[in-house]
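> Here's my sequence, what's the structure:
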Amino acid sequence: MSRDAIVLLGVNHKTTPLAVREKLALSSGYEDPLRVLGALSELREYYLLSTCNRVEVLFTCRDVERATKRVQDVLFGQAITAEELQRHVYHHVNLDAVEHLFLVAASLDSMIVGEAQILGQLKEAYRHATKADSTGFVLNKLLHKSFSVAKRVRTETRIGASAVSISYAAVELARKIFGDLHGKKVLLVGAGEMAELAAEHLVGQGVTEVVVANRTLQRAINLARCYNGQAVSLEELLDQLQQVDIIISSTGSPDLILRRDDVRPVMRERRNRPLFFIDIAVPRDLDPAINDLDNVYLYDIDDLNNVVEMNKSERDKEAVKAQRIIAEEKLKFSKWLANMESTPTIIQLREMIEQQVRGEVEKTLGRFDDMEEPARQRLEKMVAAITGKLAYPPLHFLKTENHCITLPERIKTVRELYQLDNGHGQQNPP
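Numbers count the residues shown, from 1 in each chain. The predicted structure is shown next:
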């Protein structure tokens, strides 16, 4: 009588390099993958999440090992090798899966701790699952709980208030120079992890257009696609400077890629509209002398580190609070799962006792349907009262936590004592 297991499989920015994540991204949307999962008889309920930084599938099943292998085969097996699958795909079961989902929803598992975008992505994925009718009693409860956990973390902590990454510090400085970033155009030079992080923050702050320039054009295309942006080659860099407002450079070049004399003529073309450079490369990409030009602002990694260090201790305190909230909500959900596990036994036990009590009363007084209404009502109350008294000891035993006897063991004991699995409990005693 044990309940279905809850399983979560996935890849994210922590476990899997971008080159592998690109192969697993659901570029065609949710409809086809959900239909493929729906064809798996091993799954009871299922839910799929796909973002630029993660692909995760959450499902319930009876046979964890078999269902896990089937899901891995159909979702990931065609795109990556068995070795890559073993190395990169993480696997959480039951309360570990619950905790991971809560961490994701609260943005504690994000590239940018505290960012708000992931909750909207979770809800959008849930809308697709609802449309496909793929979630049921357990996952509906779990997903709604994850939304409320995220809201509680956002309300009770300041987890998203301080910049604790170099790229977010860069965005904070951009806001100080331009104010509102809505309508601004950003050029990312380099398509590595730093550029990914910067793009996440900028889009979250309202930047409407992202251009990615990279030595390898395909890498630029892949990153730009995540943000509905545009990819260009490094040879087009100077042309792009005339059109953008913010340049974030994070290449691995050993030499400077832009010098003051490159930027000076660009400012004339721009009619001195402000241009903000952020150099987060080591060694530096940008000539420090660029900062000497009028209406040009250049910050390097040391400037950004100063911002980050001031904010780190504050964010760490908020993250501790957020972890406590998640631990509390995980405990609440575990109790809900436990109650659900014992519910079929509770219902069956009460029905069996009531049936036997009713049978004994009817043997003595006749069928309830043949009685006048006042007498029938009195007997119904008596049956309910006796049923409640007889059911109380085993129900109390089931519901009371016991460090020595686990819930499955308590359920097994009650089912054996009352013969709920062999039909004897359904019969009246002789």
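> which residues in the stretch 151-300 of the chain form helices?
166-178, 193-204, 217-226, 237-241, 260-269 (DSSP state H, counting those that start in this stretch).
> could I get these as JSON lines with distance to V414, mean neighbour count and mean pLDDT?
Where C-beta positions appear, they are placed from N, C-alpha and C, glycine not excepted. Below are the helices of the stretch 151-300 of the chain laid out as JSON lines (distance: least, CB to CB, whole Å; neighbours: other CB atoms under 10 Å; pLDDT from 0 to 100):
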{"stretch": "helix 166-178", "distance to V414": "54", "mean neighbour count": "20", "mean pLDDT": "79"}
{"stretch": "helix 193-204", "distance to V414": "52", "mean neighbour count": "23", "mean pLDDT": "76"}
{"stretch": "helix 217-226", "distance to V414": "53", "mean neighbour count": "19", "mean pLDDT": "88"}
{"stretch": "helix 237-241", "distance to V414": "71", "mean neighbour count": "16", "mean pLDDT": "92"}
{"stretch": "helix 260-269", "distance to V414": "78", "mean neighbour count": "15", "mean pLDDT": "93"}
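> can you count the residues close to N228?
10 (other CB atoms under 10 Å).
> Now it. Its backbone dihedrals?
phi 50, psi 40 (degrees, to the nearest 10).
> Wait, a strand at L49?
Yes - counting by DSSP: H, G, I helix; E, B strand; the rest coil, L49 is located in a strand.
> Would you mind confirming that it is in contact with Q121?
Yes - if you go by CB atoms under 8 Å, L49 and Q121 touch, sitting 6.9 Å apart.
> Which of these two has more residues huddled nearby?
Neighbour tally, L49 and Q121, criterion other CB under 10 Å: the higher count belongs to L49, 23 against 17.
> Could you dump the helices of the stretch 151-300 of the chain into CSV and include distance to V296?
Putting the helices of the stretch 151-300 of the chain into CSV (distance: least, CB to CB, whole Å) gives the following:
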stretch, distance to V296
helix 166-178, 11
helix 193-204, 19
helix 217-226, 24
helix 237-241, 10
helix 260-269, 6
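> Apart from its neighbours in sequence, what residue is nearest M194?
The shortest distance from M194 to any non-neighbouring residue, by CB to CB, 6 or more residues apart in numbering, is to S250 (3.8 Å).
> so what's the one you found up against?
S250 makes contact with 188-190, 192, 194-195, 198, 280-281, 285, according to CB atoms under 8 Å, 6 or more residues apart in numbering.
> Ok, which of the helices of the stretch 151-300 of the chain comes nearest V104?
helix 193-204 (14.6 Å; CB to CB).
> Domains in the chain, by residue range?
Using automatic domain parsing, the domain parsing of the chain gives 5-156, 166-299, 344-426.
> CA atoms only: put stretch 3-18 into PDB for me.
This file holds the C-alpha atoms of stretch 3-18, laid out as PDB (Å, rounded to 0.1, in the frame of the first residue of the first chain):
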ATOM      1  CA  ARG A   3       2.500   5.500  -2.300                       C
ATOM      2  CA  ASP A   4       4.200   6.300  -5.600                       C
ATOM      3  CA  ALA A   5       7.700   7.600  -5.500                       C
ATOM      4  CA  ILE A   6       8.500  11.200  -6.500                       C
ATOM      5  CA  VAL A   7      11.500  11.400  -8.900                       C
ATOM      6  CA  LEU A   8      13.400  14.400 -10.400                       C
ATOM      7  CA  LEU A   9      16.000  14.100 -13.100                       C
ATOM      8  CA  GLY A  10      17.900  16.900 -14.800                       C
ATOM      9  CA  VAL A  11      20.900  18.900 -15.900                       C
ATOM     10  CA  ASN A  12      21.800  22.400 -15.000                       C
ATOM     11  CA  HIS A  13      24.600  25.000 -15.100                       C
ATOM     12  CA  LYS A  14      26.300  23.400 -12.000                       C
ATOM     13  CA  THR A  15      26.500  19.900 -13.300                       C
ATOM     14  CA  THR A  16      26.700  20.300 -17.100                       C
ATOM     15  CA  PRO A  17      28.700  22.500 -19.500                       C
ATOM     16  CA  LEU A  18      26.900  24.700 -21.900                       C
END
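> gap between that stretch and the chain center?
How far stretch 3-18 lies from its chain's middle: 10 Å, per CA atoms, centre = their mean, to the nearest Å.
> Name the residues of it that come out as buried.
3-13, 16, 18 (16 or more other CB atoms under 10 Å).
> Mark which of those residues are part of helices, please.
If you go by DSSP state H, the buried residues of stretch 3-18 have L18 in helices.
> could you dump the buried residues of stretch 3-18 to a markdown table with distance to K335?
Putting the buried residues of stretch 3-18 into a markdown table (distance: CB to CB, whole Å) gives the following:
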| residue | distance to K335 |
| --- | --- |
| R3 | 13 |
| D4 | 17 |
| A5 | 17 |
| I6 | 15 |
| V7 | 20 |
| L8 | 20 |
| L9 | 25 |
| G10 | 26 |
| V11 | 31 |
| N12 | 29 |
| H13 | 33 |
| T16 | 34 |
| L18 | 40 |
